[in-house]
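Participant: Got a sequence here, can you model it:
(2 chains, ligands or ions: 2)
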Amino acid sequence: MIRLENITKTFKVKGNEITAVKDVSLHIKKGEIFGIIGFSGAGKSTLVRCMNLLELPTAGSVFFDGHDLVKAGSKELRDYRKKIGMIFQQFNLLEQRTVIANVCYPLELIGLRKKEAVSRARELLRIVDLSDKELSYPSQLSGGQKQRVAIARALATNPEVLLCDEATSALDPLTTRGVLSLIEKINKELGVTIVVITHEMKVVEQICSRVAVMNKGVVEETGTVKDIFLNPKSDTGRKLVLSGDDKSVPQSDKETIRIVFDGISSYEPVFANLILETGVKLNIMGANTEDIGGSAYGQILIERPDEASTELIRKYLNKAGVGFEELPALGKK
Amino acid sequence: MNEQIIGLIWQGIAETFYMVTVSTVFAYLIGIPLGVILNITGTNGIRPARALNLAVGFIINVIRSVPFLILLVAILPFTRLIAGTTIGSTATIVPLVVAAAPFVARMVESSLKEVDAGVIEAAKAMGSSDWQIIWKVLLAEARPSLAVGGVIAFTTILGYSAMAGFVGGGGLGAIAVNYGYYRYKTDVMLITVAVLVIIVQVFQEAGIYIVNRLDKRINKS
Ligand SMILES: Nc1ncnc2c1ncn2[C@@H]1O[C@H](COP(=O)(O)OP(=O)(O)O)[C@@H](O)[C@H]1O
Ligand SMILES: [Mg+2]
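Facilitator: Ligands and ions are numbered 1, 2, ... in the order given. Here you go, the predicted model:
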């Protein structure tokens, strides 16, 4: 669907050159929800902006359905952009237009008659569950509602791809979950391919099938969410998985074991049984688990006990089919 | 105060409105395109073009730095060419437009600058052409701010038009000068000045009231 080949983007700022994206190649397949995760400044936004040529790559090619967008003429490019929807962290709605007029905007661009545009816009507002806000102005909506309008607007021209740049980063956790479910529904029911840019592991966990980990303009690893969650190979991947945020990486000078929950039933008391069956007194160093639709996601970091006890833990976790990895003390690494 | 003077003042009011309204309209017909050019050719505009931006900016700055009365005298030949005369309210429209258009262009430029870059980016991502961005995003989203500019432009041009009374312009300014200054009829002068003050006050207040009703960013749910 979207194929990036050796994309590099360099900005010139007052004589300095900043390379925001370095030689990135990615293939986003039709129908998938692809995540791009990394800390702030990693180059994620620049990369996604290259996908619809809001940013012209310094080098490399962007293929959309096999067509090289970099070589497209300006009219041709505008037509391709109508097939690539985009939503943003700050929603970017037209403040002087009502909700329905916002959704009509892209329909005006393709020259749809007013009556048809309005009925199409109504249909979209039903999909995002905002039919009752048709005549409100953006300033009268909550963040989650604004993002829903933005989604309806982005879908108006039946795009094949939806690019989401930190679409939930300005929303509270509950609203985030609602918007992510909506994005998932759009993927499943309308078959729209989705690219999700985020700095939060839990966003990727909730909806992505595959994910690329970005750092300093480079894609450090790509894989299924499960692979990266269970066994991150890059430093950035590990940091993101451990904490989801740069600041709160557990600072432990002890050896630890990281137990990973990747969708096992949250009704099974795995952790309690671990203690009961092994009889080891465990010291929890940190944990973040979440229940998503009856499945447990997340991880628990425990201090690694002596070798004999650790062996008991290994046996139990293997038997229970729960992923884990043993980590060296951070200070000694 | 006799009826003749009251009639004169009414006529002055009508002339002033005629001059100022027509001048404001023409100043915007010239100022909006110039303001759009300044905005879109700027570094962060949708069509950066440094040379054009600097050239237009320079011409505007030159005209704006000339004091109005000097400008008015300096362009008398041009005024005669356009209006066929240099005296009266119709002739005064020419220098008013020349003086106000650059000022309007700068106000339009600054109104358009307030439009959020993210919104312009979203419009681009949806496949808008440059024209569509100018009409449907820049000018449409800046509407309330442009309207504030319109109120300011109208009252500023009103002030200029009164000054033009010194050199043969029509309207209330001419009455104030002819009666008050040359014939020492201080009462007539004071009345015309009072009328000018009232007009500015009414337009300013009414204009801002309307603008506030126009701006959808203000939450009035
Ligand atoms: N228009 C620009 N001009 C100059 N530098 C930029 C521009 N856009 C992004 N950058 C720089 O590129 C790097 C990556 O930015 P960005 O793609 O926004 O990262 P992310 O979205 O991952 O936070 C940063 O160092 C940023 O300062
Ligand atoms: Mg970003």
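Participant: pLDDT weak spots in the stretch 101-250 of chain A?
Facilitator: Within the stretch 101-250 of chain A, the segments meeting pLDDT under 70 span A:243-250.
Participant: in it, which spans are strands?
Facilitator: Assigned by DSSP state E, counting those that start in this stretch, the strands in the stretch 101-250 of chain A fall at A:161-165, A:193-198, A:210-215, A:218-224.
Participant: Around residue A:15, how many other residues sit close by?
Facilitator: 5 (other Cβ atoms under 10 Å in any protein chain shown). Every residue, glycine included, has its C-beta placed from N, CA and C.
Participant: Check it and give its pLDDT.
Facilitator: If you check residue A:15, the pLDDT there is 88.
Participant: was I right about residue A:204 contacting residue A:38?
Facilitator: No. Counting by Cβ atoms under 8 Å, residue A:204 stays clear of residue A:38, with 10.8 Å between them.
Participant: In chain B, which helix is the longest?
Facilitator: helix B:3-40 (DSSP state H).
Participant: now the following helix or strand past it against helix B:3-40, angle please.
Facilitator: Elements were assigned by DSSP states H and E; along the chain past helix B:3-40, the next helix or strand is helix B:50-65. Per axes from the mean of the first three to the mean of the last three Cα atoms, to 10 degrees, the angle that helix B:50-65 makes with helix B:3-40 is 160 degrees.
Participant: Export only the CA atoms of helix B:50-65, formatted as PDB.
Facilitator: Coordinates of each C-alpha in helix B:50-65 appear next as PDB, following Å, rounded to 0.1, in the frame of the first residue of the first chain:
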ATOM      1  CA  ARG B  50      11.500  35.800  -1.000                       C
ATOM      2  CA  ALA B  51      12.200  38.300  -3.800                       C
ATOM      3  CA  LEU B  52       8.500  39.100  -4.500                       C
ATOM      4  CA  ASN B  53       7.800  39.300  -0.800                       C
ATOM      5  CA  LEU B  54      10.600  41.800  -0.200                       C
ATOM      6  CA  ALA B  55       9.600  43.900  -3.200                       C
ATOM      7  CA  VAL B  56       6.000  44.200  -2.300                       C
ATOM      8  CA  GLY B  57       6.900  44.800   1.400                       C
ATOM      9  CA  PHE B  58       9.300  47.600   0.400                       C
ATOM     10  CA  ILE B  59       6.800  49.400  -1.800                       C
ATOM     11  CA  ILE B  60       4.200  49.200   0.900                       C
ATOM     12  CA  ASN B  61       6.600  50.500   3.500                       C
ATOM     13  CA  VAL B  62       7.600  53.500   1.300                       C
ATOM     14  CA  ILE B  63       4.000  54.600   0.800                       C
ATOM     15  CA  ARG B  64       3.200  54.100   4.400                       C
ATOM     16  CA  SER B  65       6.100  56.300   5.600                       C
END
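Participant: what comes up buried for it?
Facilitator: Buried residues in helix B:50-65, counting neighbours by 16 or more other Cβ atoms under 10 Å in any protein chain shown, are found at B:53, B:56-57, B:60, B:63.
Participant: which outside residues touch that helix?
Facilitator: Around helix B:50-65, the neighbours that count as contacts under Cβ atoms under 8 Å, 6 or more residues apart in numbering or on different chains are B:34, B:37-38, B:41-43, B:71, B:98-99, B:102-103, B:105-106.
Participant: Leaving out sequence neighbours, find the closest residue to the residue positioned nearest the centre of chain B.
Facilitator: Central residue of chain B (Cα atoms, centre = their mean): residue B:153, 3.4 Å from the mean position. The shortest distance from residue B:153 to any non-neighbouring residue, by Cβ to Cβ, 6 or more residues apart in numbering or on different chains, is to residue B:104 (5.3 Å).
Participant: Residue B:167 too?
Facilitator: Nearest non-adjacent residue to residue B:167, counting by Cβ to Cβ, 6+ apart: residue B:72, 6.0 Å away.
Participant: neighbours around the one you found, how many?
Facilitator: For residue B:72, using other Cβ under 10 Å, the count is 25.
Participant: State the helix or strand in which it lies.
Facilitator: Per DSSP H and E: helix B:68-74 holds residue B:72.
Participant: quick revisit: enumerate every residue touching the residue nearest to the centre of chain B.
Facilitator: Going by Cβ under 8 Å, 6+ apart, the list of residues near residue B:153 reads B:24, B:27-28, B:31, B:100, B:103-104, B:107.
Participant: What of residue A:26?
Facilitator: Taking Cβ under 8 Å, 6+ apart, we find residue A:26 in contact with A:2-4, A:34, A:212, A:219, A:222.
Participant: Three-state assignment for it, please.
Facilitator: Residue A:26 falls in the strand class when you classify it by DSSP: H, G, I helix; E, B strand; the rest coil.
Participant: just to revisit the earlier point, I'd like the contacts of residue A:26 as CSV, with neighbour count and distance to ligand 1 appended.
Facilitator: Putting the contacts of residue A:26 into CSV (neighbours: other Cβ atoms under 10 Å in any protein chain shown; distance: Cβ to the nearest ligand atom, whole Å) gives the following:
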residue, neighbour count, distance to ligand 1
A:2, 23, 17
A:3, 17, 20
A:4, 20, 14
A:34, 23, 16
A:212, 24, 12
A:219, 24, 12
A:222, 18, 16
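Participant: quick one: which of these is nearest residue A:83?
Facilitator: Minimum distance to residue A:83 across the contacts of residue A:26 is 10.8 Å, recorded for residue A:2 (Cβ to Cβ).
Participant: roughly how far apart are the nearest residue to that closest one once chain neighbours are set aside and chain B?
Facilitator: Distance criterion Cβ to Cβ, 6+ apart; nearest residue to residue A:2, sequence neighbours excluded, is residue A:28 at 4.3 Å. Distance from residue A:28 to chain B, counting by Cβ to the nearest Cβ, to the nearest Å: 17 Å.
Participant: ok, now residue A:277?
Facilitator: If you go by Cβ to the nearest Cβ, the gap between residue A:277 and chain B works out to 54 Å.
Participant: Format the contacts of residue A:26 as JSON lines; extra columns: distance to residue A:199.
Facilitator: Listed next are the contacts of residue A:26 as JSON lines, based on distance: Cβ to Cβ, whole Å:
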{"residue": "A:2", "distance to residue A:199": "21"}
{"residue": "A:3", "distance to residue A:199": "24"}
{"residue": "A:4", "distance to residue A:199": "20"}
{"residue": "A:34", "distance to residue A:199": "16"}
{"residue": "A:212", "distance to residue A:199": "13"}
{"residue": "A:219", "distance to residue A:199": "15"}
{"residue": "A:222", "distance to residue A:199": "17"}
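Participant: which one among the residues you listed gets closest to residue A:185?
Facilitator: For the contacts of residue A:26, the closest approach to residue A:185 (Cβ to Cβ) belongs to residue A:34, at 17.0 Å.
Participant: Checking the closest one next. Helix, strand or coil?
Facilitator: Criterion first, three-state DSSP; result for residue A:34: strand.
Participant: Quick check: residues of chain B near chain A?
Facilitator: B:116, B:118-119, B:121-129, B:132, B:136-137, B:140-141, B:143-144, B:215-219, B:221 (Cβ under 8 Å from any Cβ of the partner chain).
Participant: circling back to that earlier point, what's the neighbour count on the residue nearest to residue A:2?
Facilitator: Neighbours around residue A:28, by other Cβ under 10 Å: 22.
Participant: Just list the residues touching it, thanks.
Facilitator: Going by Cβ under 8 Å, 6+ apart, residue A:28 touches A:1-3, A:34, A:161, A:193, A:195.
Participant: Which one of those residues is nearest to residue A:61?
Facilitator: Using Cβ to Cβ, these come closest to residue A:61 at residue A:3, 8.0 Å.
Participant: The helix or strand where that closest one lies: how far from the chain's middle?
Facilitator: Assessed by DSSP H and E, residue A:3 sits inside strand A:2-13. Here the centre of strand A:2-13 is set off from its chain's centre by 20 Å, with Cα atoms, centre = their mean, to the nearest Å.
Participant: Which strands and helices lie in contact with that strand?
Facilitator: Applying 3 or more Cβ pairs under 8 Å, 6 or more residues apart in numbering or on different chains; DSSP states H and E, one finds that strand A:2-13 contacts strand A:16-28, helix A:44-51, strand A:59-64.
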